[in-house]
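S.K.: Next one to model:
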Amino acid sequence: MAEQKEPSFEHRVPEGDNRLRQVCTDCGFIAYENPKVVVGAVVTLGDKILLCRRAIQPRKGYWTLPAGFMELHESAETGAAREAFEEANARIEIDGLLAAYTIPRLSQVQLIYRAHLIDPQISAGTESLEVGLFDYVDIPWDELAFPSVRWALTQFNDVRDRKTFPAFTNPPGESGDH
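M.R.: Model prediction:
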């Protein structure tokens, strides 16, 4: 049986392109590197908001929304519901898109939904140290893991009583570049 040769890639600008890409030196295949999509939700039970204390890096020990990377072949809504279950054993129903954030420094797009618990039983999943339901005024603001968590919670509070609203984006002055 013939031995298969491992492909060899080099960084170069392919013909007709304007960016450095990983290009196979044998066949010209271009291995595009694209942003990662994060999906999550501001999940409520009545007036309370679900938060998860992270059991993993980055920002282990800090509070966050149930969220994570979208998987191949799933919708963003399905991914947000999966993340809520993985992180908080929470069964949720998505109400709509709350926000779409861009974080260029991390090459991320974050889609954050508004959702509610359909079963009040929650518990920490493998990526959470603990989970809790917080009144908005009792959120541990100084212990939030990421700026986008603060953005989502603040923007959620602005529209919590509205059925419809346009989806938010990064707040003014928050480009996500640093």
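S.K.: Show me what the lengthiest strand in the chain packs onto, helices and strands only.
M.R.: For the chain, the strand with the greatest residue count under DSSP state E is strand 92-103. The contact analysis (3 or more C-beta pairs under 8 Å, 6 or more residues apart in numbering; DSSP states H and E) places strand 92-103 against strand 36-45, helix 76-88, strand 108-117, helix 147-159. Bear in mind the C-beta positions are built from the backbone N, C-alpha and C, glycine included.
S.K.: Give me the most central residue, this protein.
M.R.: In the chain, the residue lying closest to the centroid (C-alpha atoms, centre = their mean) is V38, at 2.8 Å.
S.K.: what's near enough to touch it?
M.R.: A67, G68, F69, M70, Q108, V109, Q110, L111 (C-beta atoms under 8 Å, 6 or more residues apart in numbering).
S.K.: How about I30?
M.R.: Contact analysis of I30 by C-beta under 8 Å, 6+ apart lists P14, D17, R21, Q22, V23, C24.
S.K.: By neighbour count, which of these wins?
M.R.: Within those, V23 tops the neighbour count with 20 neighbours, counted by other C-beta atoms under 10 Å.
S.K.: Can you read off the pLDDT for it?
M.R.: Looking at V23, its pLDDT is 92.
S.K.: any idea which of the contacts of V38 is the one closest to L144?
M.R.: Taking C-beta to C-beta as the measure, L144 lies nearest A67 of those, at 12.4 Å.
S.K.: where does the chain have its least confident helix or strand?
M.R.: Least confident helix or strand, the chain: strand 30-31 with a mean of 90, by mean pLDDT, DSSP states H and E.
S.K.: May I have the strands that pair with it, each with its orientation?
M.R.: strand 21-24 (antiparallel) (DSSP bridges).
S.K.: returning to what we had before: could you give the bridge partners of the residue nearest to the centre of the chain?
M.R.: With DSSP bridges as the criterion, V38 is bridged to F69, Q110.
S.K.: any idea how far it lies from F69?
M.R.: Separation of V38 from F69 (C-beta to C-beta, to the nearest Å) stands at 6 Å.
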